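S.K.: generate a structure from the sequence data that follows.
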Amino acid sequence: MTLQNPAHLLQNLAYQKGINYDLSNFQKTLASFNNPHHALKNIIHIAGTNGKGSTLTFISSALQDLGYTVGTYTSPHIHSYCERIQINNTPISEKDFSRFFEKARESNALQTEFEVLTLMAFLYFQEKNPDYCIIETGLGGRLDATNIVTPILSIITKIGLDHEAILGNTIEKIATEKAGILKPPIPAITIQQNPSVLAIFKKSHPNIQIIPALTTLPKNLHMQGLYQKENLALAQAALNHLHPDAKPNFQKAHIWGRFERKEINGQNWIIDAAHNPDGIDALIQTLTHHYPNQKFTFITSILKTKNAGEILSRLAPHALSIHYCCFDPQLAHHYKDIQSLVPHLKIKEIDLQKIPKIPIKNPVLTGSIYFISHVTLYLLP
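M.R.: Now for the predicted structure:
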């Protein structure tokens, strides 16, 4: 049998790339596979608007340093769907991806790509039996496909406005959806944040632990975005809960595209997957901290589901120029849409293939992680 590319496997079927924010069908699907998620050990479930991937990475790295095997399920990916399902930082092989994909096809109830991948992750972890499974929500929490699990610990990262069309157009509505992963008396941790958000969390889980952000980051930490003060604080609290006598080591933790500094063609690039207004604010705060009194050339692309006008308006005061690339006409805002959204801003259009060739000062690549993954195919070996 010829092994098919994981992306082609999903594309060749009629699975929707969109969203089915409903658990009823997925519950039936899991039951037809004898509920593989029930066999998983020590599940840690993470929801939130920003910081899920970083928090997961810190926890996974520290647990591995303590000698445990750790399965992780994340989204989205950079280059391959295999990246979403990993054990000890090693993605599922293409052979295993194909094998579990074929097994998932036995169900007629699956609605979306995310449900397919979630089932595959559960089946893979059931077979490999890692000591811990860290599961990241795809969207929201209450009706997310991952919310079928019973964790030993629930974590909610910083809440902000994102996916408003599905989760609600206020931070309180979004927080209510995220709070859906809280399952008292299962322990839960969140970061200090908007009081109205914390009030919603406390209503759902009166004993939720609220952690203050760190005041500084360790100098030997690879991930130096200032927003990691919150994510590392959550990870430290999680390790303290799981292994109170251990001295966790987070130095090896690394997740690509979070204030990543790369020398490319003799230029120093910053790559950061800030894709919503709060993410942009966090990026700007980090840029101004590390590079005071400087402006930057932003290269970006923004998904149609995001508030492009707000994102570009927040970049503008710190920009030498802004270059916009519609990397995928189906997913991203078109350049003409951008012009109409922010007519007062001078946004330049750029083709994907030309990005590494333009002479620019202080380049910052940001926006959709799908966009960043496309660009790096041209930027990096």
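S.K.: checking the residue positioned nearest the centre of the chain next. Helix, strand or coil?
M.R.: Centroid check for the chain by C-alpha atoms, centre = their mean gives residue 53 as the closest residue, at 4.6 Å. What DSSP: H, G, I helix; E, B strand; the rest coil gives for residue 53 is helix.
S.K.: that one: what's it in contact with?
M.R.: By C-beta atoms under 8 Å, 6 or more residues apart in numbering, the contact set of residue 53 is 74, 136, 255, 258. Placement of C-beta: from N, CA and C, glycine included.
S.K.: ok, so of these, who is nearest residue 41?
M.R.: Using C-beta to C-beta, residue 136 is the member of the contacts of residue 53 that lies nearest residue 41, at 17.4 Å.
S.K.: state the mean pLDDT of the host helix or strand of residue 116.
M.R.: Taking DSSP states H and E as the criterion, residue 116 maps to helix 113-128. Helix 113-128 carries an average pLDDT of 96.
S.K.: if we can go back for a sec, which among the contacts of residue 53 gets closest to residue 339?
M.R.: The closest of those, once distances to residue 339 are taken by C-beta to C-beta, is residue 258, at 29.9 Å.
S.K.: what's the neighbour count on the closest one?
M.R.: For residue 258, the count of nearby residues is 24 (other C-beta atoms under 10 Å).
S.K.: give me the three-state assignment for it.
M.R.: Under three-state DSSP, residue 258 comes out as coil.
S.K.: just the pLDDT for it.
M.R.: 87.
S.K.: from what I can see it touches residue 224, true?
M.R.: No: counting by C-beta atoms under 8 Å, residue 258 sits too far from residue 224 to count as a contact (9.2 Å).
S.K.: residue 41: how many residues sit nearby?
M.R.: Neighbour tally, residue 41, other C-beta under 10 Å: 13.
S.K.: that one - nearest residue in space that isn't next to it in sequence?
M.R.: Using C-beta to C-beta, 6 or more residues apart in numbering and skipping the chain neighbours, the partner closest in space to residue 41 is residue 131 (6.3 Å).
S.K.: the one you found contacts residue 64, correct?
M.R.: No: judged on C-beta under 8 Å, residue 131 makes no contact with residue 64 at a distance of 9.6 Å.
S.K.: so between those two, which is more surrounded?
M.R.: residue 64 (19 against 15).
S.K.: against residue 23, how distant is the more buried one?
M.R.: Here the distance between residue 64 and residue 23 works out to 31 Å (C-beta to C-beta, to the nearest Å).
S.K.: now do the buried residues in stretch 176-190.
M.R.: Using 16 or more other C-beta atoms under 10 Å as the test for burial, stretch 176-190 gives 176-183, 186-190.
S.K.: what touches both of residue 131 and residue 64?
M.R.: residue 70.
S.K.: can you pull out the helices in the chain?
M.R.: Here the chain has its helices, by DSSP state H, at 6-11, 24-32, 52-65, 94-104, 113-128, 164-167, 171-178, 195-204, 228-242, 277-290, 308-315, 335-341, 369-379.
S.K.: buried deepest among the ones you listed, which one?
M.R.: helix 52-65 (a mean of 25; mean count of other C-beta atoms under 10 Å).
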